[in-house]
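Student: Take this sequence and fold it.
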Amino acid sequence: MKITSPFNYILFSNIYILIISLLFFSSFSSCECGIGRPLPGEGQVEDYLSKDITELAVVEPLIENNHVILNYSNPDSTTDKVATFNTRYVEFTATYTWSILDKPDGASPQISGTNSDTASVTIDTNGFYVIMLNIRDSNNNEKTEYAYISTLSTLRYVRDGATGSNDGSDWANAYNDLPATLERGCTYFVADGNYTNHTFNDTESGALPIIIKKAIPGTSIASHGNSDDWSDSYGDEQAIFTKWEIIKSFYIFDGQTGGGPGSWDSGYGIKLDYPYYGTSRYVVFLHGYPYGINSPGNLVFRHIDFEHIGIDMEYPGGRIFSFYSPDSLTDGYKNIVISNCYLHDCSSMMISSVYTTNVLVEYCYFARNNSNAEYHGEAWQDYGSANIVIRYNKFEDVTGTAFIALKKGYGHSHVNWAVHGNIFMHTSGYTKGVGMGSLGDTNPYAGAVTRNILFYNNTVYNVNGYNAAVNFDNSDGTCYAYNNIFLFNESKINYVNTKHDYSYYFGNTEYTGYPPLSEHDYVTGTDNPCIDSGNYDFHLSESAGPGLSLPWPYNYDMDGYERGADGSWDIGAYEYP
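Tutor: From the prediction side, this is the model:
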């Protein structure tokens, strides 16, 4: 069965819900969660299921489309004044409470379905509305999400080359660039063109966001706002920036098009093209003020192409996202979504994060970096972050410590990481490699711990270097790898301090060897389970498994197919349809 929702959502959670991991069997045992299906190999994972880990709180956005723009040109009309918000299906018993968090002065909006999974909001005044959803399960775990309603009066327009009054009121009088100071509760539609660097340091006002959205051709108000003086030629290419510096919280950056399966490297509405090295190595630089405290959060990046200067080590240490180091998780970054983006051609690492919590990275393409002894490379380097979901991404031709490296530094711990449904690969002819594998932490460090790290249903192909699997020197015994496919890898397949089973091995070289095999592993020399791995199509040609059945939300692949719907949970990034 294929779900139709493309996961188009934006999450601003301030309270986390304990719903996402298999480790919740113990804490949810008394509720009607719908995840208590029998598990194959129960003896093999008995210690795994018995963990009472109640602190696991990872991101799972539930509102499908949380920004609605209404025309509201005629207050007496019954149209253009109602916004409907739907939530995704969840496999647990939930209580929903919708409310109005912020509204224009004098407005009296009405909500129907206040305690339902779907709510409709009828507005009576032009302006910007913030809708809050509180979700609570039967064990009183809860989370909060926000949805937004804009009307035409809150839209602003930006167009390179506009010759009007430069006040942003419509397309004829659009700003020539983003104004230095932006208005909270406003959406800035940006047309094609070349724009300057920008620093996002706008005074916060509760949960009121600032939305930067690419204007695209179309007939709906969501495409480009007001159609007066609009031409589709304004939106058929890219809005190109060079660098963003983000100091405050509550921003949404949405290119509207591009990214994900079928268009991993094309079609992006917004591009950050970093053409020089200069005094800074970062494309997106996040930091609080003063530095190290008041770190920004509640940030969303969608459908954006982030290109660095390149992998030439003449420009070492390049990074695309750099989270300036705060002093602790309390002062760190919170609630960040990076979705349907392309992060590529960087001389070191695509993401460098420190003390960050509640992060979702999905449907992103990480491609081509570099590494040397002074500037180690990775797709993602992290120090001390917690509650991280990395799913449905493609990692290609990454070299350095690992594809995803959890660095210990001065005793940094890593807690609650879920890495599932991804592809990790090196292309044919690629000669560099990784040391610690697809996911790994660095050497043991006193006081540091790696806890609750989940590596599920990934496909690992043709990886060079020392290790292709997972390596946790600092594990406390709660790191798990299940349902992964390893194909034609040149490096070893080595699990360090990781409980593992239900893996599929095919075509790996003699040098690779195998780890001590578990009860339900598959080793074959004749059956490549993928349609055309030589051309990097890792969809399954037949069912591979059965693997270990896991609870929602691990039971969907990146194409939206439900895992195990045909009675067999397949191994690897894709479910056989």
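Student: How far away from the center of its chain is stretch 170-182?
Tutor: What separates the centre of stretch 170-182 from the centre of its chain is 29 Å, taken as C-alpha atoms, centre = their mean, to the nearest Å.
Student: I meant stretch 266-282, not that one.
Tutor: Using C-alpha atoms, centre = their mean, the offset of stretch 266-282 from its chain centre is 19 Å.
Student: Please save the CA atoms from that stretch in CSV.
Tutor: The C-alpha atoms that make up stretch 266-282 are tabulated as CSV, following Å, rounded to 0.1, in the frame of the first residue of the first chain:
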residue,chain,number,x,y,z
SER,A,266,17.5,19.4,-10.0
GLY,A,267,14.5,21.7,-10.0
TYR,A,268,15.3,23.7,-6.9
GLY,A,269,13.5,27.0,-6.5
ILE,A,270,16.1,28.6,-4.3
LYS,A,271,19.9,28.1,-4.5
LEU,A,272,22.7,29.3,-2.3
ASP,A,273,25.8,29.4,-4.6
TYR,A,274,28.9,30.1,-2.6
PRO,A,275,31.4,31.3,-5.3
TYR,A,276,34.3,32.4,-3.1
TYR,A,277,36.2,31.5,0.0
GLY,A,278,36.8,34.9,1.6
THR,A,279,37.0,35.2,5.4
SER,A,280,34.2,32.7,6.1
ARG,A,281,34.0,29.0,5.1
TYR,A,282,30.2,28.7,5.7
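Student: I'd like the average pLDDT over that stretch.
Tutor: Stretch 266-282 carries an average pLDDT of 83.
Student: So for that stretch, what gets flagged as buried?
Tutor: Buried residues in stretch 266-282, defined by neighbour count with 16 or more other C-beta atoms under 10 Å: 267-274, 277, 281-282. Heads up, the C-betas are built off the backbone N, CA and C, glycines and all.
Student: which other residues reach that stretch?
Tutor: By C-beta atoms under 8 Å, 6 or more residues apart in numbering, the residues outside stretch 266-282 that reach it are 190, 212, 214, 216, 238-244, 253-259, 283-284, 303-309, 315, 317-322, 341-342, 348.
Student: Next one: the residue nearest to the spatial centre of the chain relative to F250, how far apart?
Tutor: Centre of the chain computed as the mean C-alpha position; nearest residue by C-alpha atoms, centre = their mean is V361, 1.7 Å away. V361 sits 19 Å away from F250, taking C-beta to C-beta, to the nearest Å as the criterion.
Student: likewise K143?
Tutor: As judged by C-beta to C-beta, K143 and F250 stand 17 Å apart.
Student: Ok, N194 next?
Tutor: Separation of N194 from F250 (C-beta to C-beta) stands at 27 Å.
Student: With neighbour numbers in mind, choose between these two.
Tutor: The residue with more neighbours, out of N194 and F250, is F250; 23 against 14, by other C-beta atoms under 10 Å.
Student: Between the two ends of stretch 568-576, how far is it?
Tutor: End-to-end span of stretch 568-576 (C-alpha to C-alpha, to the nearest Å): 9 Å.
Student: actually stretch 348-358, sorry about that
Tutor: Terminal residues of stretch 348-358 are spaced 24 Å apart (C-alpha to C-alpha).
Student: Same question for stretch 148-166.
Tutor: Using C-alpha to C-alpha, the end-to-end distance of stretch 148-166 comes to 27 Å.
Student: Next, the buried residues of that stretch.
Tutor: Across stretch 148-166, burial judged by 16+ other C-beta under 10 Å covers 148-152, 154-160, 162, 164.
Student: Let me have those residues in a markdown table, extended by secondary structure and distance to S541.
Tutor: Output for the buried residues of stretch 148-166, formatted as a markdown table (DSSP: H, G, I helix; E, B strand; the rest coil; distance: C-beta to C-beta, whole Å):
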| residue | secondary structure | distance to S541 |
| --- | --- | --- |
| Y148 | strand | 43 |
| I149 | strand | 46 |
| S150 | strand | 46 |
| T151 | strand | 51 |
| L152 | helix | 51 |
| T154 | helix | 50 |
| L155 | strand | 48 |
| R156 | strand | 50 |
| Y157 | strand | 49 |
| V158 | strand | 48 |
| R159 | coil | 48 |
| D160 | coil | 48 |
| A162 | coil | 53 |
| G164 | coil | 57 |
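Student: how about the closest residue to N66 other than its chain neighbours, what does it touch?
Tutor: Leaving aside its chain neighbours, N66 sits nearest to A147 (4.0 Å; criterion: C-beta to C-beta, 6 or more residues apart in numbering). A147 is in contact with 63, 66-68, 83, 85, 130-133, counting by C-beta under 8 Å, 6+ apart.
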